[in-house]
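Student: sequence and predicted model, in that order:
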Amino acid sequence: MRVGKILRRLKTLIYASIILLTACATTSDTYIDPNMDFGGIKTVAVMPFTSLTRDPVIAERVRDVFINKLLSTGAVYVLPTGEVARGVARTEIQNPSAPSSEEIVKLTGIIKVQAIITGVVREYGEVRSGTTSANIISLGLQMIETETGKIVWTASSTKGGISLWDRLFGGGGQPMNVITEKAVNDLINKLFK
Amino acid sequence: MILSTNYLSKASVLILSGFFFFSVVANAKEIKTGTAPFSDTKFRIAIFPVENLSGTVAPLKEIRQALTEKLSKQGFQVLGEENLEKFMAKHRIRYVAGLDREIARAFKEEIGIEGVLITSLEFYSETNPPKVALTSRLISTGEAPSILWIDGIGLAGDDSPGILGLGLIEDPKALLEKAMKSMTDSLMRYLLTGRNEGDGRGAKKKFKPKVAYRSPELDPERKYVVAVLPFFNRSERKYAGEILVLHFIRELRRFNNFDVIEPGILRQELLGLRVIMEDGVSLANADAIFSTLNPDVILSGKVIDYQDYQGVWGKPKVDFFTLFIERKSREIVWNSSSYNEGDEGVFFFDRGRVNTAYVMASQMVKWIGKSVAK
């Protein structure tokens, strides 16, 4: 009788632990190819980003900020955007924002890079909730190794948005430039971690 | 205390007068030894019609007239309007924002002109408080045209309101006159003493680039010849790309580390090479420019935002990217992102507020020059 009681309690404890442990689990938004030697990447090309927002110039702006930040790390050299555009034009890539493996291999014949980076700007600008508004950016990037055409790294970041502070006291959130830099910094940290 | 008559001893009088005498003599000596290549007033100047980058109707003729009058008053020989028109018609000159080699040679050989003054009006607003921003440069003629002098000014009627608003300038003509006086004084100083305006110091910290990459390849001891390519304009402001180019030419020339190629020559070469830049400078384009013009560095960039405002309410905004490609390494040696707004760091009584995009862009560009040259 007493043993049964203890077993029942133990069962309850195990269930509770499972529920609690599940709640603690996190899902990562970063993929890193475990077999990839990132130390071998010295030069990269950043392809034009896809913009899922209304303004296509936004993708260009975010790309420029990313290139600038990546260069300033000093870890890799980024090819000038004009040179990438020349390579894209010469290889006649239909959609430079999402090139196929064959197109990437062809492109590498013209621009000598070890990896290319593609990106998508999912959200950029002001979001509203009731009377509160704030700026938000959501950005996803992926790195493709040019030799094999394989994706070796992907990550995404969302910064800004309406915080509790904004809801309570207003303020309109942070400037767009600041949150863009934060999102780009976050992605670069994920790349080099 | 020491200057009070009660306490002024003979010794202190002697020391002070000695100090003043020495400083006056030293100053005079400096002026004497300064090169004054054009002080003989035989220097013949042609003044091109003012380039209007403001995108609005502006008193362009009045600006040109003021420049002509001031130079003529000082005894310099300014080419008459009729003769200039004849010359321009003969050589089919329509581009008045620069001087290419052929035109420079023709100016020297055919009509004996030694310098061409090019003025670009960046901004003009008559709405109270009025605003004006312009840049002028003097280019030598002959076989190798180069920029001899360049300066600019950006003014707003409420730049210095003073106590009870006594310093406010509400008349656009008065403001334009003030701007013209400053420009012509600067030009006269150059023509008479051979000294260029200011140096690269004095930029406020808040205007430094927000993100920057500087390659160790850049040598602070070396003098770089820079070709400033037109900036891509992604802003809503018309001619923002051309305006930024002028800012870079003017501010980089303040540093001893840079020698800037006249944009008219660069334009001629770009047209000759049929360079079309769709998304920035490619290395093939860069190689072509390096081989024809022989610069050490190519500067290009992108303007994202360049906003001025009219009236009392508003703030200027400037946002741009800059890129330097070096000849030897064929690599990016400088890349930066700069953005500022006119009311940044302003907390009390509008102190430190910037009213024109011109002033802000000048400071931002000066910081870039300072960072590259350090």
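Tutor: Structure received. Computed from a predicted structure; not experimentally measured.

Student: do stretch B:346-364 and chain A meet?
Tutor: No - judged by CB under 8 Å from any CB of the partner chain, stretch B:346-364 stays clear of chain A, getting no closer than 13.6 Å. C-beta coordinates here come from the backbone N, C-alpha and C atoms, glycine included.

Student: could you look up the SS state of the residue in chain A positioned nearest to chain B?
Tutor: Across chain A, the shortest distance to chain B (CB to the nearest CB) belongs to residue A:82, at 3.2 Å. Assigned by DSSP: H, G, I helix; E, B strand; the rest coil, the conformation of residue A:82 is helix.

Student: isn't it right up against residue B:280?
Tutor: Yes - the criterion here is CB atoms under 8 Å, and residue A:82 meets it with residue B:280 at 3.2 Å.

Student: which ones are touching the most centrally placed residue in chain A?
Tutor: When CA atoms, centre = their mean is applied to chain A, the residue found nearest the centroid is residue A:156 (2.7 Å). Residues counted as contacts of residue A:156 (CB atoms under 8 Å, 6 or more residues apart in numbering or on different chains) are A:29, A:122, A:138-141, A:187.

Student: ok, the residue of the stretch 51-200 of chain B found nearest chain A to residue B:252 distance?
Tutor: At 19.5 Å from chain A, residue B:55 is the closest residue in the stretch 51-200 of chain B, using CB to the nearest CB. Residue B:55 sits at a distance of 25 Å from residue B:252 (criterion: CB to CB, to the nearest Å).

Student: the more surrounded of the two?
Tutor: residue B:252 (25 against 14; other CB atoms under 10 Å in any protein chain shown).

Student: OK, contacts around that one?
Tutor: By CB under 8 Å, 6+ apart, the neighbours of residue B:252 are B:226, B:228, B:258, B:260, B:365, B:369.

Student: go through these and name the one nearest chain A.
Tutor: residue B:228 (15.5 Å).

Student: tell me the pLDDT of that closest one.
Tutor: With respect to pLDDT, residue B:228 scores 96.

Student: phi first, then psi, for it.
Tutor: phi -90, psi 110 (degrees, to the nearest 10).

Student: now do the same for the residue nearest to residue B:352 when sequence neighbours are not counted: its pLDDT.
Tutor: Take residue B:352 and drop its neighbours on the chain: the residue closest to it by CB to CB, 6 or more residues apart in numbering or on different chains is residue B:346, 5.1 Å away. We have a pLDDT of 85 for residue B:346.

Student: and the gap between residue B:346 and chain A?
Tutor: 15 Å (CB to the nearest CB, to the nearest Å).

Student: swap in residue B:206?
Tutor: 14 Å.

Student: so that residue: helix, strand or coil?
Tutor: helix.

Student: so the nearest residue in space to it that is not next to it in sequence is in which element?
Tutor: Nearest non-adjacent residue to residue B:206, counting by CB to CB, 6+ apart: residue B:345, 5.1 Å away. Assessed by DSSP states H and E, residue B:345 sits outside every helix and strand.

Student: burial count for residue B:345?
Tutor: For residue B:345, using other CB under 10 Å, the count is 14.

Student: okay, whatever residue of the stretch 251-374 of chain B ends up closest to chain A: pLDDT?
Tutor: Taking CB to the nearest CB, chain A has its nearest neighbour within the stretch 251-374 of chain B at residue B:280, 3.2 Å off. Looking at residue B:280, its pLDDT is 85.

Student: hang on, isn't residue B:176 packed against residue B:132?
Tutor: Yes - with contact defined as CB under 8 Å, residue B:176 counts as touching residue B:132 (5.5 Å).

Student: who has more neighbours out of those two?
Tutor: residue B:132 (28 against 23).

Student: in space, what's closest to the more buried one - neighbours in sequence excluded?
Tutor: residue B:179 (5.0 Å).

Student: buried stuff in the helix or strand the one you found falls within?
Tutor: Assigned by DSSP H and E, residue B:179 belongs to helix B:172-193. Judged by neighbour count (16 or more other CB atoms under 10 Å in any protein chain shown), helix B:172-193 contains these buried residues: B:172, B:175-176, B:178-180, B:183-184, B:186-193.

Student: can I get it as PDB, trimmed to CA atoms?
Tutor: Taking Å, rounded to 0.1, in the frame of the first residue of the first chain, the C-alpha atoms of helix B:172-193 are listed here in PDB:
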ATOM      1  CA  PRO B 172      16.300  86.200 -48.300                       C
ATOM      2  CA  LYS B 173      18.300  88.900 -50.200                       C
ATOM      3  CA  ALA B 174      20.100  89.900 -47.000                       C
ATOM      4  CA  LEU B 175      21.000  86.300 -46.300                       C
ATOM      5  CA  LEU B 176      22.100  85.700 -49.900                       C
ATOM      6  CA  GLU B 177      24.300  88.800 -49.700                       C
ATOM      7  CA  LYS B 178      25.800  87.500 -46.500                       C
ATOM      8  CA  ALA B 179      26.600  84.200 -48.100                       C
ATOM      9  CA  MET B 180      28.000  85.900 -51.200                       C
ATOM     10  CA  LYS B 181      30.200  88.200 -49.100                       C
ATOM     11  CA  SER B 182      31.700  85.200 -47.200                       C
ATOM     12  CA  MET B 183      32.300  83.400 -50.500                       C
ATOM     13  CA  THR B 184      33.900  86.300 -52.300                       C
ATOM     14  CA  ASP B 185      36.000  87.200 -49.200                       C
ATOM     15  CA  SER B 186      37.300  83.600 -49.200                       C
ATOM     16  CA  LEU B 187      38.100  83.700 -52.900                       C
ATOM     17  CA  MET B 188      39.800  87.100 -52.600                       C
ATOM     18  CA  ARG B 189      41.900  85.800 -49.700                       C
ATOM     19  CA  TYR B 190      43.100  83.000 -52.000                       C
ATOM     20  CA  LEU B 191      43.700  85.200 -55.000                       C
ATOM     21  CA  LEU B 192      45.600  87.700 -53.000                       C
ATOM     22  CA  THR B 193      47.500  85.500 -50.600                       C
END
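
Student: name the surrounding residues that touch that helix.
Tutor: The contact list for helix B:172-193, computed with CB under 8 Å, 6+ apart, reads B:31, B:34-36, B:38-39, B:43, B:59, B:62-63, B:66-67, B:70-71, B:74, B:76, B:117, B:124-126, B:130-132, B:134, B:136, B:138, B:148-149, B:151-153, B:155-157, B:169, B:195-197.

Student: the residue of the stretch 51-200 of chain B closest to chain A belongs to a strand, doesn't it?
Tutor: No - the assignment for residue B:55, made by three-state DSSP, is coil rather than a strand.

Student: got the residues of the stretch 151-300 of chain B near chain A?
Tutor: Counting by CB under 8 Å from any CB, the stretch 151-300 of chain B sits next to chain A at B:210-213, B:234, B:277-285.
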